[in-house]
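[1] Provided below for reference: sequence and predicted model.
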Amino acid sequence: MPRFPIKKTAIVNQQAIITGPDYRHIVRVLRLKPGNEITLYDDESTEHLAQITEIRTKEIEVAIMKSNRIITESELSIILMQGLPKGDKMAYIVEKATELGVKAIIPVITERSQVRQTNRDRRWERIAIEASKQCGRVIPPKTFPIRSFRSVIEDRYESTLKIIFYENSIYNIKEYFSNNSQPPLNIAIFIGPEGGFSEGEIKLASEQGFTPLGLGPRILRTETASVVTIGILQYKFGDI
């Protein structure tokens, strides 16, 4: 059944109004009619079974038939700091990170980033919302505007563990977690762009409390590294 986000405050007396892009998708793409049912999910982790009652020129009126609180958010809070990659790889990373349950995604310009600026911030936000619809999440991850390496590294995070991935690290993720079994609740992970991080960036990150770790003997593409890392963390500490 099609799923669409809605603000909790938009539901009044068991009725709600749908407008904007979701209106167009329901009417022009799905071609739904009055009497058809859809699923709405709000920002308080509640799903609502709704029936279309009326389709007007720019809005759809629906009646809420049943509501259920659901839990699809991971108890493990992961912040993904992603070195800005080339092409449209960031869109792929946002989509997969959303499916894997990250709480926030921060695109970062690093020393070796070949892309220095882009106007795709809003697109990444939309991708996170669409991916949330598909995978059953009710709270999409927060997608931040592009930031500089130094501003991200020097920021204050409520993270019990901060990791920066570096192919020349003497420790890899498997060894690190074998020797450190204390389960973290909040993790910040930093993945480099094509070419990885410079030695200067690793030094600065280490000074700010980040632990450099490797991802095994093979060099992974940046988009692969992000997905693999999040999957490992969710398997070991989260809900996979």
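    Nice, thanks for sending it over.

[2] contacts, neighbours, all on C-alpha from now
    Will do.

[3] what's the following helix or strand after the lowest-mean-pLDDT helix or strand in the chain?
    Lowest by mean pLDDT, DSSP states H and E among the helices and strands of the chain is helix 173-179, with a mean of 86. Later in the chain than helix 173-179, the nearest helix or strand by DSSP states H and E is strand 186-191.

[4] average pLDDT across that following strand?
    Averaging pLDDT along strand 186-191 yields 95.

[5] return the distance of it from the chain's centre.
    Strand 186-191 has its C-alpha centroid displaced from the chain centroid by 12 Å (Cα atoms, centre = their mean, to the nearest Å).

[6] may I see the buried residues of the least confident helix or strand of the chain?
    residue 173 (16 or more other Cα atoms under 10 Å).

[7] chain center to that helix, what's the gap?
    25 Å.

[8] identify all contacting residues around that helix.
    If you take Cα atoms under 8 Å, 6 or more residues apart in numbering as the criterion, helix 173-179 is touched by 213, 214, 215, 216.

[9] counting only helices, which of the residues you listed make the cut?
    Using DSSP state H, no member of the contacts of helix 173-179 falls within helices.

[10] least confident pick among these?
    Among the contacts of helix 173-179, pLDDT bottoms out at residue 216, giving 90.

[11] report the separation between that one and residue 228.
    The gap separating residue 216 from residue 228 is 11 Å, by Cα to Cα, to the nearest Å.

[12] quick one on the thing from earlier: between the contacts of helix 173-179, which is closest to residue 39?
    residue 215 (39.4 Å; Cα to Cα).

[13] how much space between the closest residue to residue 116 other than its chain neighbours and residue 16?
    With sequence-adjacent residues excluded and distances taken as Cα to Cα, 6 or more residues apart in numbering, residue 116 is closest to residue 109, at 6.2 Å. Shown here: residue 109 relative to residue 16, a distance of 41 Å by Cα to Cα.

[14] the two: which is more packed in?
    More neighbours surround residue 109 than the other of residue 109 and residue 16, with 23 against 20 (other Cα atoms under 10 Å).

[15] can you tell me the SS state at the residue most central in space within the chain?
    Centroid-nearest residue in the chain: residue 98, 3.5 Å away (criterion: Cα atoms, centre = their mean). Assigned with DSSP: H, G, I helix; E, B strand; the rest coil, residue 98 falls in the helix class.
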